[in-house]
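Enquirer: below is the structure, and that's it, no one-letter string:
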């Protein structure tokens with residue numbers, strides 16, 4: 001062979017190697033990073049990409065954490081696997097299963113995860129952990145429907161190439177083009193070149209948060225939105241009289257049965273479960289899935305309903321992020337229940353102290369810093385305690401700005417704690433000075449207080465810096481004499497609450513996202529309402545406090561809890577076929593109860609209005625309209641109105657409409673019609 005041919009072949013080989021390297025790099029680079037469901041919609045459309053939500057949110061609960069962390073796990077370690085949709089990613093925290101029960105568990109989830117993908121992740125887990133995988137807990141949320149191609153890609157793109165992934169791709173694809181698209185993301189996402197941002201470079205060196213073990217922490221609460229009447233109630237009560245059923249999707253059923261077969265063959269215990277929810281799951285869904293579980297001989301745990309919702313002590317107001325997803329408190333309760341169940345019913349192994357699992361101790365230490373310290377910040381009611389926690393370390397950056405007059409009620413105890421944390425100038429805050437502070441990794445990086453001689457100029461103070469990941473931020477502070485402002489700008493938005501007092505934004509430098517935003521109104525007090533409202537309410541009631549003595553926040557939760565109790569009681573009571581007289585008798589002799597009745601008539605029927613107060617019938621008339629103290633009742637042809645404090649509560653159904661009202665708490669106990 002001539003030297004010229006050899007040289008040509010060598011050039012071709014070098015070109016091929018370079019081309020292959022570039023192709024592999026491009027497949028990684030062009031693959032989008034997808035976020036969790038609450039950030040990108042309701043799971044009905046195509047997933048949005050990182051470029052659409054901005055760099056600050058880039059790694060808020062990405063698939064990178066769950067899948068990349070999964071592959072960092074040593075082989076033959078995982079004993080319990082959770083699979084399913086985003087309800088599981090926010091509903092179970094495997095690290096706490098290890099902390100409290102010694103269980104080695106992992107959660108592999110994705111937004112609207114198709115059952116096909118759940119099945120193949122079970123197979124992939126068994127491929128890597130055949131000697132230890134003992135239990136699979138399968139979230140049934142996606143048994144009702146199928147989703148678009150994007151959700152299959154989101155669920156499977158993080159799976160490493162193997163015989164399992166080849167089979168999964170084949171089953172999920174509808175042609176060779178789709179197969180190639182799953183195998184080589186560049187072919188699907190090549191058009192993203194125009195959308196490339198900094199986050200696409202970040203993911204090339206992104207270190208997954210393995211300590212989460214697939215968990216996606218959320219701290220928002222339904223409780224924070226609206227009044228006690230606005231917060232939704234859980235279905236909670238099983239009604240055997242409900243005949244309607246939800247169709248199990250044909251494709252979902254097919255792969256669920258494949259999962260059952262696979263687990264049976266491998267000696268794996270399969271459990272079906274539904275996380276608590278208040279908006280997308282009811283009796284018809286429960287009975288449909290229960291029938292399927294029974295037909296396949298699989299245990300089904302539905303935490304939407306009694307008794308399980310009560311077994312975990314679940315409160316939708318404080319334990320839910322929204323109508324479908326748990327927050328940290330809900331996840332912690334559900335996880336603790338599973339810890340007991342997996343130990344007592346599934347023979348889960350306590351691996352604490354086992355040298356083969358020492359890496360989990362390192363993960364737990366990081367989890368306590370990254371997750372539990374955020375919860376400690378949320379639960380700190382005193383500004384001095386809050387700053388002290390920030391000074392303990394962890395890869396957090398706290399941006400502190402003062403607005404208005406903020407020093408009046410900053411106590412000596414809080415000032416001492418703040419000074420010990422290194423914020424000397426903040427500890428000397430008075431009523432008429434602007435202040436900016438930055439705490440990074442537990443140490444004070446920057447601190448400035450507007451000098452006394454500059455307070456009359458009308459200008460505040462400003463500072464610009466960068467988070468360790470490179471994102472630039474700009475802080476502005478002004479006292480009541482200097483602009484009266486708090487501003488924390490980055491990623492083209494202002495994140496400060498901009499309220500009077502000490503405003504604080506806490507940013508996780510690893511996750512590159514905000515983990516807390518708060519304000520202590522130190523003009524009024526250096527204390528704030530407790531974030532763990534449920535614990536605070538229980539403590540207040542144990543102290544013997546009456547409803548009227550509670551703070552507005554605790555009164556709100558108290559009234560919501562009353563609604564839940566009343567709803568449960570009424571639902572159980574009405575499951576039996578009761579008469580109108582039996583219904584009224586059930587409530588009429590109770591203290592502080594008023595019963596309003598309005599008939600919605602048809603044809604020649606006479607109108608009818610009645611009011612029963614503390615067991616006595618104070619109004620009973622064949623009248624079309626009665627007005628009383630705080631109420632307005634209308635009865636007539638095609639209409640029933642029972643208006644209490646300017647709000648209509650009547651079911652407005654044909655026949656007698658009834659509203660049961662608690663005068664002390666000014667809340668509706670129940671509504672019914674006969």
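Expert: Done, it's in. Since we're looking at a predicted model, the values are computed, not measured. Residues are numbered from 1 along each chain as shown.

Enquirer: and the strands in the stretch 351-500 of the chain?
Expert: Along the stretch 351-500 of the chain, the segments classed as strands by DSSP state E, counting those that start in this stretch run 396-403, 435-440, 443-449, 461-466, 472-478, 485-490, 493-494.

Enquirer: point out the most buried one among these.
Expert: Most buried of the strands of the stretch 351-500 of the chain, by mean neighbour count (mean count of other C-beta atoms under 10 Å): strand 396-403, with a mean of 26. Backbone N, C-alpha and C define where each C-beta goes, glycine included.

Enquirer: average pLDDT across that one?
Expert: Averaging pLDDT along strand 396-403 yields 97.

Enquirer: kindly report the same for stretch 350-361.
Expert: pLDDT averaged over stretch 350-361 gives 98.

Enquirer: straight-line length of that stretch, end to end?
Expert: Start-to-end span of stretch 350-361 (C-alpha to C-alpha, to the nearest Å) is 13 Å.

Enquirer: so for that stretch, what gets flagged as buried?
Expert: Using 16 or more other C-beta atoms under 10 Å as the test for burial, stretch 350-361 gives 351, 352, 357, 360.

Enquirer: per-residue confidence at the closest residue to residue 172 other than its chain neighbours?
Expert: Once flanking residues are discounted, residue 172 sits nearest to residue 152: 4.7 Å by C-beta to C-beta, 6 or more residues apart in numbering. Listed pLDDT for residue 152 reads 88.

Enquirer: right, and residue 152 touches residue 118 too?
Expert: No. Look at residue 152 against residue 118 with C-beta atoms under 8 Å: they stay out of range, at 11.5 Å.

Enquirer: between those two, which has more neighbouring residues?
Expert: residue 118 (28 against 24; other C-beta atoms under 10 Å).

Enquirer: not counting sequence-adjacent ones, nearest residue to that one?
Expert: In space, residue 118 is closest to residue 83, 4.2 Å off (C-beta to C-beta, 6+ apart).

Enquirer: which helices and strands sit right next to the strand or helix carrying that neighbour?
Expert: Secondary structure assigned from DSSP states H and E places residue 83 in strand 80-84. Counting contacts by 3 or more C-beta pairs under 8 Å, 6 or more residues apart in numbering; DSSP states H and E, strand 80-84 packs against helix 94-101, strand 105-109, helix 115-128, strand 135-139.

Enquirer: swap in 7 Å and give it another go.
Expert: strand 105-109, helix 115-128, strand 135-139 (3 or more C-beta pairs under 7 Å, 6 or more residues apart in numbering; DSSP states H and E).

Enquirer: low pLDDT regions in the stretch 401-550 of the chain?
Expert: Applying pLDDT under 70 to the stretch 401-550 of the chain picks out residues 455-458.

Enquirer: in the stretch 151-300 of the chain, which spans are strands?
Expert: 269-274, 299-302.

Enquirer: what is the subsequent helix or strand relative to the last one?
Expert: Same thing as strand 299-302. Assigned by DSSP H and E, the successor of strand 299-302 is helix 308-311.

Enquirer: the residue found closest to residue 431 once you drop the neighbours it is linked to in the chain: how many residues sit nearby?
Expert: In space, and not counting its chain neighbours, residue 431 is closest to residue 405: 4.3 Å by C-beta to C-beta, 6+ apart. A count of nearby residues for residue 405, using other C-beta under 10 Å, gives 18.

Enquirer: for residue 405, give me its contacts.
Expert: Residue 405 makes contacts with 431, 432, 479, 480, 523, as judged by C-beta atoms under 7 Å, 6 or more residues apart in numbering.

Enquirer: now swap in residue 316 and tell me
Expert: So residue 316 contacts 222, 232, 234, 278 (C-beta under 7 Å, 6+ apart).

Enquirer: so how far is residue 222 from it?
Expert: 6 Å (C-beta to C-beta, to the nearest Å).

Enquirer: can you give me the mean pLDDT across stretch 606-615?
Expert: 95.

Enquirer: can you point out the buried residues in that stretch?
Expert: 607, 608, 609, 610, 611, 612, 613.

Enquirer: now those residues in TSV, with secondary structure and distance to residue 418?
Expert: Below are the buried residues of stretch 606-615 laid out as TSV (DSSP: H, G, I helix; E, B strand; the rest coil; distance: C-beta to C-beta, whole Å):
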residue	secondary structure	distance to residue 418
607	coil	67
608	coil	66
609	strand	62
610	strand	62
611	strand	58
612	strand	58
613	strand	55
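
Enquirer: kindly indicate which of these lies nearest residue 445.
Expert: residue 613 (64.4 Å; C-beta to C-beta).

Enquirer: quick one: contacts for the closest one?
Expert: residue 594.

Enquirer: next one: it from residue 629, what distance?
Expert: Residue 613 is 10 Å from residue 629, by C-beta to C-beta.

Enquirer: check residue 604 too.
Expert: 32 Å.

Enquirer: mind listing the helices for the stretch 301-450 of the chain?
Expert: In the stretch 301-450 of the chain, the segments counted as helices under DSSP state H, counting those that start in this stretch are 308-311, 316-319, 328-345, 358-367, 373-379, 383-390, 412-420, 424-427.

Enquirer: excluding covalently adjacent residues, which one is nearest to residue 215?
Expert: Closest to residue 215 by C-beta to C-beta, 6+ apart is residue 93, at 4.3 Å.

Enquirer: look up how far residue 150 lies from the one you found.
Expert: With C-beta to C-beta as the criterion, residue 93 and residue 150 are 27 Å apart.

Enquirer: then residue 641?
Expert: Distance from residue 641 to residue 150, by C-beta to C-beta: 47 Å.

Enquirer: what ranges of the protein fall below the confidence cut-off?
Expert: Ranges of the chain meeting pLDDT under 70: 1, 4, 6-11, 14-63, 174-206, 455-458.

Enquirer: now do 80
Expert: Residue ranges of the chain with pLDDT under 80: 1-64, 150, 174-207, 452-459, 511.
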